[in-house]
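[1] Return atomic coordinates for the entry below.
(chains A, B, C and D)
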Protein chains: 2
Amino acid sequence: MGKPAEQRRQEIVEAALELAAEQGVKRVTTQAIADRVGIAQPTVFRHFKTRDTIFAAAIDFLVTNMFKVLEVCFISKGPADERLQELVTKQLGFISQQKGLPRLLFSDRLHLESPVLKAAVQKVMTRYMGQIATLIKEGQDAGCFRSDLDPDEASRYVAALIQGLIMRWSIFDYGFTLEKEADPLWKFLHASLRA
Amino acid sequence: MGKPAEQRRQEIVEAALELAAEQGVKRVTTQAIADRVGIAQPTVFRHFKTRDTIFAAAIDFLVTNMFKVLEVCFISKGPADERLQELVTKQLGFISQQKGLPRLLFSDRLHLESPVLKAAVQKVMTRYMGQIATLIKEGQDAGCFRSDLDPDEASRYVAALIQGLIMRWSIFDYGFTLEKEADPLWKFLHASLRA
DNA sequence: AAAGAAAGTAATTGATTACTCACAAATGAA
DNA sequence: TTCATTTGTGAGTAATCAATTACTTTCTTT
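    Next up, the predicted model:
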């Protein structure tokens, strides 16, 4: 009992993410979080002013980690097609270990109910597609991607493919191994991008 | 007052869909439905045993109409690539007029909370992808699609692309015209499928 | 017109849930 | 030791919402 505040905040965020992954956002009640952390329900409100700020912190935590994992694909100087393939692989790997991410990002529950969270989700998606667009542009300049593609447009389809896959995975109860989808997905994607 | 039951049921389903499209599934309370239809809240339960059965009826209504719209693409005998392009166009057109569909089908709210609705959603998606797979197979036999594709696998990517696009459309508040995305999406898709 | 069924409602109930508050225990610095 | 801050809790509150109940109105059929 009586842990430092920063540590408790982190425990609460992680409990919320676990619950979201297992049972969906609705079941992430402040009581359920408290039970999992092992504290009383009002104690949750010592550390977060409202329930929404817990989700905001969770999204922030996930997004920071995700971009940290993907960073190498954006800054390394290898061939763009290899880096994009690695991005797909790393992205699916990350999400298969962070099932809470699609639950939070792709749940209308969040963006329709809280303008703050909606803005956060939109910002993440815009940043994500922007990074992919840059990567595609680099690939075009290096001659490994078709130059008649609009990089922004293509980046949206890359994102859509990945998100659509993740959604199916989520709807079908995580019923297949997400990482195994990386190679075939890339094959399909590459066929559309290559010069 | 005192309309025939079948008509009232339909009014309730349509009110639920409108509310879902406008404000998200959460706000589709039995009270909100009743207000929109112009009846008292308990009257809703005269026509549907539970709230879930309203959603089930709504999904059924949408899915029936959707497959009716797409049917021509599956049964006509034209070139498979043209039929698939038409499918994409018709699909996006249908959804842009039935915003409730993605809200219902892609909301974890429904499938995570009701086994019946989850099964319904999974069934629709399976059927949808199965039809597309058949279409792709026909295209391969006719020589207009690459024969090294697995039709089932490819159909999942077609579905993922469309769903991912729709999700972005929904997250960004219907902020662009969905129909206008049909042609560029097809261009991208066709590049990956063509022989 | 009378009977019975269908459609409707007002009033409530019970369950859930985010959030508050007054107070208690632990922690740490002076 | 003392005193203030941090962390925690038990006992609530107010709001929301699906569902029920007991009752009334409207319509159809004979």
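
[2] mind listing what A:R194 touches?
    Neighbouring residues of A:R194 by Cβ atoms under 8 Å, 6 or more residues apart in numbering or on different chains: A:D81, A:C144, A:F145, A:R146. All C-beta atoms are positioned from the backbone trio N, CA, C, and that covers glycine.

[3] mind listing what the third one touches?
    Meaning A:F145. Contact analysis of A:F145 by Cβ under 8 Å, 6+ apart lists A:A80, A:D81, A:I136, A:G139, A:A154, A:L193, A:R194, A:A195.

[4] out of everything not next to it in sequence, what's closest to A:V44?
    A:T30 (4.8 Å; Cβ to Cβ, 6 or more residues apart in numbering or on different chains).

[5] quick revisit: give me the subset of the contacts of A:F145 lying in strands.
    Of the positions in the contacts of A:F145, not one sits in strands, assigned by DSSP state E.

[6] Looking at those residues, spot the one nearest chain B.
    A:A154 (7.0 Å; Cβ to the nearest Cβ).

[7] hmm, which helix or strand of chain A has the shakiest average pLDDT?
    helix A:108-113 (a mean of 82; mean pLDDT, DSSP states H and E).

[8] need the contact list for A:W169.
    Neighbouring residues of A:W169 by Cβ under 8 Å, 6+ apart: A:P102, A:G175, A:F176, A:L178, A:E181.

[9] same thing but 7 Å
    By Cβ atoms under 7 Å, 6 or more residues apart in numbering or on different chains, the contact set of A:W169 is A:F176, A:L178.

[10] now A:A20: how far from A:Q97?
    For A:A20, the distance to A:Q97 equals 14 Å [Cβ to Cβ, to the nearest Å].

[11] Between the two, which is the more surrounded one?
    A:A20 (25 against 13; other Cβ atoms under 10 Å in any protein chain shown).

[12] In terms of helices and strands, where is the more buried one?
    Element membership of A:A20, judged by DSSP states H and E, is helix A:5-23.

[13] wait, doesn't A:A16 sit right on A:A57?
    No: contact between A:A16 and A:A57 fails when scored by Cβ atoms under 7 Å: they sit 8.4 Å apart.

[14] Which one's more surrounded, these two?
    Neighbour comparison, A:A16 and A:A57: the larger count goes to A:A16, with 28 against 17 (by other Cβ under 10 Å).

[15] Output the set of residues of chain A in proximity to DNA strand C.
    A:1-2, A:26-31, A:41-42, A:45, A:49-52 (Cβ under 7 Å from any atom of the strand).

[16] Thanks a lot, see you next time.
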